[in-house]
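> Need coordinates for the following:
(6 chains, ligands or ions: 12)
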Number of protein chains: 6
Amino acid sequence: YDLSVVTGTQIGRVNGLAVMGSDSGSILPIVAEVTPSQGANGTVIATGLLKEIAKESIQNVSAILKKFTGRDIRNMDVHVQFIGTYSGVEGDSASISVATAVISAIEGIPVKQDVAMTGSLSVRGDVLPIGGVTYKIEAAAKAGIKTVIIPKANFGDVLIEDRYRTMVEIIPVEHIEEVLEVALVPQNREVFLNKLKKLAAEPAKVFESSTGAAGSHSAA
Amino acid sequence: YDLSVVTGTQIGRVNGLAVMGSDSGSILPIVAEVTPSQGANGTVIATGLLKEIAKESIQNVSAILKKFTGRDIRNMDVHVQFIGTYSGVEGDSASISVATAVISAIEGIPVKQDVAMTGSLSVRGDVLPIGGVTYKIEAAAKAGIKTVIIPKANFGDVLIEDRYRTMVEIIPVEHIEEVLEVALVPQNREVFLNKLKKLAAEPAKVFESSTGAAGSHSAA
Amino acid sequence: YDLSVVTGTQIGRVNGLAVMGSDSGSILPIVAEVTPSQGANGTVIATGLLKEIAKESIQNVSAILKKFTGRDIRNMDVHVQFIGTYSGVEGDSASISVATAVISAIEGIPVKQDVAMTGSLSVRGDVLPIGGVTYKIEAAAKAGIKTVIIPKANFGDVLIEDRYRTMVEIIPVEHIEEVLEVALVPQNREVFLNKLKKLAAEPAKVFESSTGAAGSHSAA
Amino acid sequence: YDLSVVTGTQIGRVNGLAVMGSDSGSILPIVAEVTPSQGANGTVIATGLLKEIAKESIQNVSAILKKFTGRDIRNMDVHVQFIGTYSGVEGDSASISVATAVISAIEGIPVKQDVAMTGSLSVRGDVLPIGGVTYKIEAAAKAGIKTVIIPKANFGDVLIEDRYRTMVEIIPVEHIEEVLEVALVPQNREVFLNKLKKLAAEPAKVFESSTGAAGSHSAA
Amino acid sequence: YDLSVVTGTQIGRVNGLAVMGSDSGSILPIVAEVTPSQGANGTVIATGLLKEIAKESIQNVSAILKKFTGRDIRNMDVHVQFIGTYSGVEGDSASISVATAVISAIEGIPVKQDVAMTGSLSVRGDVLPIGGVTYKIEAAAKAGIKTVIIPKANFGDVLIEDRYRTMVEIIPVEHIEEVLEVALVPQNREVFLNKLKKLAAEPAKVFESSTGAAGSHSAA
Amino acid sequence: YDLSVVTGTQIGRVNGLAVMGSDSGSILPIVAEVTPSQGANGTVIATGLLKEIAKESIQNVSAILKKFTGRDIRNMDVHVQFIGTYSGVEGDSASISVATAVISAIEGIPVKQDVAMTGSLSVRGDVLPIGGVTYKIEAAAKAGIKTVIIPKANFGDVLIEDRYRTMVEIIPVEHIEEVLEVALVPQNREVFLNKLKKLAAEPAKVFESSTGAAGSHSAA
Ligand SMILES: [Ca+2]
Ligand SMILES: [Ca+2]
Ligand SMILES: [Ca+2]
Ligand SMILES: [Ca+2]
Ligand SMILES: [Ca+2]
Ligand SMILES: [Ca+2]
Ligand SMILES: [Ca+2]
Ligand SMILES: [Ca+2]
Ligand SMILES: [Ca+2]
Ligand SMILES: [Ca+2]
Ligand SMILES: [Ca+2]
Ligand SMILES: [Ca+2]
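Ligands and ions are numbered 1, 2, ... in the order given. Take a look at the predicted model:
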């Protein structure tokens, strides 16, 4: 098990990206596993010395899981493990990595290991901007990563050196569905894409509403 | 996803207003999502580094939710996310924003994104005064907001410069029903307004009472 | 919603009294609301930055609620909100105010807003002495309050200036039943007074006892 | 309600004794109330700013309650209130006072208010020695108390001045049953004493045992 | 109740041994009581200002209880009280004392009060070495104890003065069963010894195993 | 019970390895026991003054247990005891030792005591690198251990002196199944090895998946 796995596929493992100090990036592997719940109800157990914002981001990711998988996660324990983070995890920029790792583990769909990603998440699935995007992309390129997923709102912040430009493809995204479309390798791609499309079109309809409306979801 | 969405409508997203330091305001987006509960009972999960008063305000908002929606929120998890608050949220002036975002998410009714709002809340639905109302209105105007909802008790505190006067309409309110009437865009407005009227007229009747009375609700 | 409501009636709202610093008093509004419980069992949720003694007083008030209302509060969430207490609530002198606000909310009986009150409570319903009674009465008088309820044990501590003497009536009380008799405005007063009398006569008989006795409740 | 009640009887109220500073004693009233439980299971709620040893003593008293009353306290909430302890309660010398107050409240048996008491308790009902016994007895005498219950192990520590000797009767005890026999005023004394005797003779037999024995309970 | 009981027998009481400062020992009485559980499930409640290692040792003792008594302790509350420990309990050397006191209370078997003991415990019942064994034995001898149980691994550490050698018998043990055999006084000794033998031979077989084996339990 | 057991077999006991200070290693025995759960659901109780990373590693090990044993651990309490760690346990390098001890206890399969091991674990069963591997191997050799299991990723870090080379066999591993194959002594080895093989081939399939795939598990 090499901490910098950058080829092939694995279920439940995602190459996240972190900023080290103020001016360098690194690969931050995240591994997820799902088991039948040990207690009366399932819980999400995240390890790796997560600090306050990082812990909150795990709580928000669980909102996405419940909605995306369409499964009753009440009888699952979800384990999320940040690997090699002996000095702690500070921010929420691993949110899309965590969501991807856990959805991979729950659904049994492999994740491409030559893809790395960074991005925060709203509880409704929107990918929000993060810091240090240039350092993170360069670290991914140096490690042998071929594709880096970043928030669309950070696209203007990308100032990487020319020599890295040809090493990695940068994919800006707005919603968690786009992340999953790029990073996951489902057995039946057509069924999978249809499922994603439905989720994107109708993001939050979990309860019947008498007075409400489907609503035009239009962000400016 | 732009942090300053000020047009169109979105389910579960409200433009709140915050004071930065002591003399400037800013937009504070609040996003809510509702999912089937993961545990045996539903919980309200609020993130964004909320400090003590802000955490208490979330507890008070849940009193409003239980009463307003008329739904059994016992089997829902309610996620409330303050966006971009990396130095924490201090006060309770986002209470009406939180209530509006969550009611939007539960009922599936879109929220106008050109409306911003600020106001504290009593557990009975009364809108209570807040601080920094002038700075908040000016920040909303600069960001492109067209309508700002404020507590009626703060109306005398509004001292905005002339150039902002024509940019935004200021709507003073006394009760949460008025906030919802202005900010939400229900599919069937007539059904919605009738529901609000009933709630305003009979605010707290959840248990039968043998010795009590409907009572004349008269604030001086 | 004016923080100094002193006329009319409201369900679930009581004008408490607090000491500010060491030599002045102020009105401390307390608002209560009762909703069906969100969790498996009901809880009492108190907000307003309550410090240790104030938090303990809320626990003691719940003993009174269970006994007084004769209702199963196991399926209710009771919300108690101290309004405008941004620097915290220190003592237990609001105990009778909290008890009155919550009983009003549970029973749906309006509270007179021209009444203010201060007093600690034993878990058996006895009104216990508090501090700063003179400052509190003067603050109530200045705010337009007509009646102030105080603990009988504090009656000798009242040293208010002459100009306030004619502005407010001071009512010393020994037991929570007397507070409710003065402050609440039930639809059917006769039924209500009978209920209070029964509670006062037989304060704690909730379980059958084989070896015990009704007991002569005689305080010296 | 006078904090120094020293005549008549009351259900659920016991005159405990405390040491103030290092060389004076005072009356420490303890009031108990029992209500149907609010949660799924009953709890013991103790207030009065109890410090660590005092909190632990409440946990130990609950062992006595469960055994003594022979009642299922699983559906009761037991409220124990230390009155007027604004600087906190430090030790465990109020253990027998708490046990007596709660047993009085559960059984509905009045407590003599001219009795004061001090003593620690083992979880098996043995009364253990405490500190400051002389200061406590003198404080009781000054307050008008007629009888003071103390641990037998402290009898040799009693060095009170002559003028107090004739004011109070000192009763040294070894087991909680003796405390109850002195302090409680049951309606039917014969039934009550028989119940106490049975408890003293067979203190801990709550489960059937195949290999054990009734055992000779002989303290040296 | 004398803190230094050293004759006769008692149910649920064991003379433990502690080190005071760095060079003297003392008797540390431990009293246990078992009652029907107050909550939905039984708990172990330990008092006496236990510090971290001592608290952990209580958790480990509960593993022994569950296995040894063969009873469903799910409906029992187990109270463990360290007597007279106003400056706290630091280590885990009272583990065998706690196990013995609780097994005595559950089974109703008396404990010899002229026996004192010290020893840590593994979760499988092995008696592990402790510190200060010489000081502890001397303190036991001075107090009038006739028999001291110590861990076999500490036998080489015993350097007591000649005058104590004749006062106490020292019994080194390897497993909790040996402690119980020495300290308990069952009504029917034959039945009791058979039960202990079975436990020693087959220490951990609580679940059926398809691929495992009874195993040769051979410690070097 | 000698803390350095290095011969024979024991159920539930594993010789882990720790670094002391910065330049020496030591044997760190870990003992596990499994009992019917005391509460409504099983819990994992780990003692030995575990610090934050060590506590998190216990949570991750429970993911492995649930998957590996194929048993419903919901009705078991799992006790994990680090022996002799009075200054605490810092890292996660005991993860494979804990997993092995607990699986031994649950399945009733003896562990070879002449084997020592060190290694971190992912929630999916991969053995991850640790620190101090050379010091640990030397400590094992000195203590009389014959076989040391280490993470394959640490194989290049092994720089032990020649005299130790002939004393111990070093076995580098990549996955928890390899650890169990070396350390456990099942009654029926063939059945046991088949069970391990199935687990290695199909690591995480606990829920049915409609859109996923078995996936090619290929680490670079
Ligand atoms: Ca990060
Ligand atoms: Ca969306
Ligand atoms: Ca604010
Ligand atoms: Ca209202
Ligand atoms: Ca106050
Ligand atoms: Ca009374
Ligand atoms: Ca005391
Ligand atoms: Ca006894
Ligand atoms: Ca000790
Ligand atoms: Ca053993
Ligand atoms: Ca280690
Ligand atoms: Ca694997």
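> secondary structure class for the spatially closest residue to A:Val44 that is not a sequence neighbour?
Closest residue to A:Val44 apart from its sequence neighbours, by C-beta to C-beta, 6 or more residues apart in numbering or on different chains: A:Val78 at 4.5 Å. For glycine as for every other residue, the C-beta is placed from the backbone atoms N, C-alpha and C. Following DSSP: H, G, I helix; E, B strand; the rest coil, we place A:Val78 in the strand state.
> shouldn't A:Val78 be in contact with A:Val102?
Yes: counting by C-beta atoms under 8 Å, A:Val78 touches A:Val102, with 5.7 Å between them.
> okay, and the common contacts of these two?
Here A:Val78 and A:Val102 share the contacting residues A:32, A:34, A:65, scored by C-beta atoms under 8 Å, 6 or more residues apart in numbering or on different chains.
> Among the residues you listed, which ones are in strands?
For these, the ones inside strands are A:32, A:34, with DSSP state E as the criterion.
> Adding pLDDT as columns, could you present the shared contacts of A:Val78 and A:Val102 in CSV?
Output for the shared contacts of A:Val78 and A:Val102, formatted as CSV (pLDDT from 0 to 100):
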residue, pLDDT
A:Ala32, 96
A:Val34, 92
A:Leu65, 86
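> quick revisit: which of A:Val78 and A:Val102 has more residues huddled nearby?
A:Val102 (30 against 27; other C-beta atoms under 10 Å in any protein chain shown).
> Let me see the backbone angles for A:Met20.
Phi and psi for A:Met20, reported as degrees, to the nearest 10, are phi -100, psi 120.
> From chain F, how far out is it?
19 Å (C-beta to the nearest C-beta, to the nearest Å).
> And for A:Ile171?
22 Å.
> Spatially nearest residue to that residue (excluding sequence neighbours)?
Per C-beta to C-beta, 6+ apart, closest to A:Ile171 is A:Ile149, 5.0 Å.
> Quickly check: the helix or strand that contains the one you found near ligand 1 or not.
Here A:Ile149 sits within strand A:147-151, counting by DSSP states H and E. No: remark: strand A:147-151 sits outside contact range of ligand 1, by C-beta under 5 Å from the ion, the gap being at least 12.7 Å.
> can you give me the helices for chain A?
A:52-69, A:95-107, A:133-143, A:162-165, A:176-183, A:189-201 (DSSP state H).
> okay, how far is it across stretch A:158-177, tip to tip?
22 Å (C-alpha to C-alpha, to the nearest Å).
> Run through who's touching that stretch.
A:64, A:68, A:96, A:99, A:119, A:121, A:125-127, A:133-134, A:137-138, A:140-142, A:145-152, A:154-155, A:178-179, A:182, A:196-197, A:199-200, B:1.
> That one - what's its average pLDDT?
Mean pLDDT, computed over stretch A:158-177, is 93.
> Where does chain A get nearest to chain F, which residue?
Using C-beta to the nearest C-beta, the closest approach of chain A to chain F is made by A:Gln187 at 3.0 Å.
> Now do that residue, the pLDDT please.
92.
> From ligand 8, how far out is it?
70 Å (C-beta to the ion, to the nearest Å).
> what about A:Asp157, how many residues close to it?
Count around A:Asp157 with other C-beta under 10 Å applied: 15.
> Correct me if wrong: it contacts A:Lys136.
No: applying C-beta under 8 Å, one finds A:Asp157 not in contact with A:Lys136, separated by 10.5 Å.
> Point to the helix or strand of chain A where mean pLDDT is at its lowest.
helix A:189-201 (a mean of 81; mean pLDDT, DSSP states H and E).
> where's stretch A:110-125 relative to the chain centroid, distance-wise?
3 Å (C-alpha atoms, centre = their mean, to the nearest Å).
> swap in stretch A:130-147?
15 Å.
> what about that stretch, average pLDDT?
Per-residue scores along stretch A:130-147 average to 96.
> hang on, the earlier thing: check the shared contacts of A:Val78 and A:Val102 against chain E and report the nearest one.
Out of these, the member with the shortest distance to chain E (by C-beta to the nearest C-beta) is A:Val34, at 24.1 Å.
> Report pLDDT for the residue in chain A positioned nearest to ligand 10.
Taking C-beta to the ion as the measure, the point where chain A comes nearest ligand 10 is A:Gln38, at 26.4 Å. Per-residue pLDDT puts A:Gln38 at 78.
> tell me the phi and psi of it?
Torsion angles, degrees, to the nearest 10, at A:Gln38: phi -80, psi -40.
> Distance check, A:Val98 against E:Val5.
Distance, A:Val98 to E:Val5, by C-beta to C-beta, to the nearest Å: 59 Å.
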